[in-house]
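Visitor: Return a 3D structure for these sequence lines:
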Amino acid sequence: MPYTVKITDTFSLTHDVKRFKTEKPKGYTFVPGQATEVAINKEGWKEEKRPFTFTSLPEEDHLEFVIKFYRDHDGVTKQIEDLVEGDELIIDDSWGAIQYKGKGVFIAGGAGITPFISILRDLSAKGELEGNKLIFANKTGKDVIMESYFHELLGEDFISILDKEKLEGHFHGRVNMDFLKERIEDFSQEFYVCGPQPMVEGVSEILKHLGANPDGITFEE
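Guide: Here you go, the predicted structure:
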């Protein structure tokens with residue numbers, strides 16, 4: 001069922017990522033990690049739906065999305081970049097496969113971090129964050145969404161890796177077998193993987209090879 005919600009706040013997080021807060025329909029619910037289909041309530045864009053993950057908590061009185069835009073495509077995300085307070089979005093009911101199943105390692109590539117924002121915020125609010133680790137892969141330092149927040153939240157359990165830039169405080173390279181072997185001691189725990197399709201498939205295969213239970217690897221189908 002579609003709902004029309006007004007944007008109440010916008011904030012730039014990086015050079016190509018913005019956070020949007022919107023009204024929340026009465027009785028609207030979701031589980032941390034879930035997403036919804038979003039369209040812009042403007043002529044010509046109402047049918048152009050794209051999936052975006054909630055980065056707010058279910059109990060908050062607003063909805064929040066962290067959205068990356070691609071200025072070289074003339075599509076929905078480029079249009080979303082220009083939205084301001086008072087503009088409207090059309091959202092559907094919530095859905096999604098990425099939900100927390102127990103302590104483990106979250107592995108995100110780029111905008112694939114979004115389902116984990118709500119999950120980690122939720123765990124923090126409940127005091128259940130300890131024992132979880134986040135590995136976040138990006139191209140360069142300026143691409144790392146909410147870097148200081150994750151440092152504050154997870155401390156040593158936040159690992160940032162960049163493949164196009166060598167920068168202090170970040171590992172350099174890709175999330176490959178050697179990297180995961182060095183950083184993870186226990187492959188019997190839960191794994192949560194989200195990012196570009198080739199990365200999700202590659203990392204999932206490596207995890208299985210290193211002994212992870214295929215049922216213990218959660219990703220968006």
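Visitor: Check which residues of the worst-scoring helix or strand of the chain on mean pLDDT are buried.
Guide: The helix or strand with the lowest mean pLDDT-type score in the chain, counting by mean pLDDT, DSSP states H and E, is helix 76-81 (a mean of 86). Burial within helix 76-81, assessed by neighbour count using 16 or more other C-beta atoms under 10 Å, is assigned to 76-77, 79-81. To be clear about C-beta, it is placed using only N, CA and C from the backbone, and glycine gets the same treatment.
Visitor: Repeat that for stretch 116-128.
Guide: For stretch 116-128, the neighbour count (16+ other C-beta under 10 Å) marks 116-124 as buried.
Visitor: just those residues now: which is nearest Val5?
Guide: Within these, distances to Val5 taken as C-beta to C-beta reach their minimum at Ser118, with 17.0 Å.
Visitor: what element comes up after the helix or strand hosting Pro198 heading to the C-terminus?
Guide: Under the criterion DSSP states H and E, the helix or strand holding Pro198 is helix 197-209. Secondary structure here is assigned by DSSP H and E; on that basis, the next helix or strand after helix 197-209 toward the C-terminus is strand 217-219.
Visitor: partners of that following strand in the sheet?
Guide: According to DSSP bridges, strand 217-219 has the following sheet partners: strand 190-194 (parallel).
Visitor: quick one: buried residues of stretch 90-105?
Guide: When burial is assessed from 16+ other C-beta under 10 Å, stretch 90-105 yields the following buried residues: 90-91, 94, 96, 98, 100, 104-105.
Visitor: Over to stretch 59-68?
Guide: Applying a neighbour-count criterion of 16+ other C-beta under 10 Å, the buried positions in stretch 59-68 are 63-68.
Visitor: Then stretch 190-203?
Guide: Going by neighbour count (16+ other C-beta under 10 Å), the buried part of stretch 190-203 is 190-195, 199-200, 202-203.
Visitor: swap in stretch 144-160?
Guide: Counting neighbours by 16+ other C-beta under 10 Å, one finds that the buried residues in stretch 144-160 are 144-147, 150, 153-154, 157-160.
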